[in-house]
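Novice: Have a look; sequence and predicted model below, questions after that.
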Amino acid sequence: MAAWALIREARAQARLSQRALAERAGVAQSEISRIESGRQDPSLTRLEQLLRAAGYDLKVELVPHHDHDEQLVRQMLAIAVEERLDSLQEQSEFFAGVRELPRGPRS
C-alpha cells in the first residue's frame, strides 16, 4: 500500500482533518496535503511519525514475493487486443445470463 493511502486511511479512521493531524505530528498541513496527493513521498521515519500522530503504529514484515499477478498480467498482454475484448464480451454475456441461486439452509 502506498504511503499516501496509509496516511489518508489512518487519518480517516482517527476522524482527523489534515490540519489536526499536522498539529498532532508537529508538521505543516501543506506537507500532509502533498503526501496524501502523492506529490511527496515521506521517509519511513516521517511515515511512522504521522501514523503515530493518528494513533496507529506501522508494522512492517518481510514475506516471500509471489509474482503470480505479474505473470497473469504478462499473459494477458501477450494476447491480441481483439482476443482480450472478445473474451471480456463472452464473460460479460455469461455473467449476465447467470441467475442468482436462492439462498436457503446449507447442509
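Specialist: Sure thing, it's come through.
Novice: which stretches of the protein aren't confidently modelled?
Specialist: Scanning the chain for pLDDT under 70 picks out 101, 104, 106-107.
Novice: Show me it divided up by domain.
Specialist: 3-53, 68-97 (automatic domain parsing).
Novice: Straight-line length of the first one, end to end?
Specialist: It refers to domain 3-53. One end of domain 3-53 to the other measures 15 Å (C-alpha to C-alpha, to the nearest Å).
Novice: hey, C-alpha coordinates of stretch 82-92 in CSV?
Specialist: Extracted in CSV, the C-alpha atoms of stretch 82-92 (Å, rounded to 0.1, in the frame of the first residue of the first chain):
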residue,chain,number,x,y,z
GLU,A,82,-9.2,-8.1,-30.1
GLU,A,83,-9.0,-11.5,-28.4
ARG,A,84,-9.0,-9.9,-25.0
LEU,A,85,-12.1,-7.8,-25.9
ASP,A,86,-13.8,-10.9,-27.3
SER,A,87,-13.0,-12.8,-24.1
LEU,A,88,-14.4,-10.0,-22.0
GLN,A,89,-17.5,-9.9,-24.1
GLU,A,90,-18.1,-13.6,-23.6
GLN,A,91,-17.5,-13.4,-19.9
SER,A,92,-19.9,-10.4,-19.7
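Novice: Give me the buried positions along that stretch.
Specialist: Going by neighbour count (16 or more other C-beta atoms under 10 Å), nothing in stretch 82-92 comes out as buried. For the C-beta atoms, the positions are set from N, CA and C on the backbone; glycine is no exception.
Novice: Much appreciated, bye for now.
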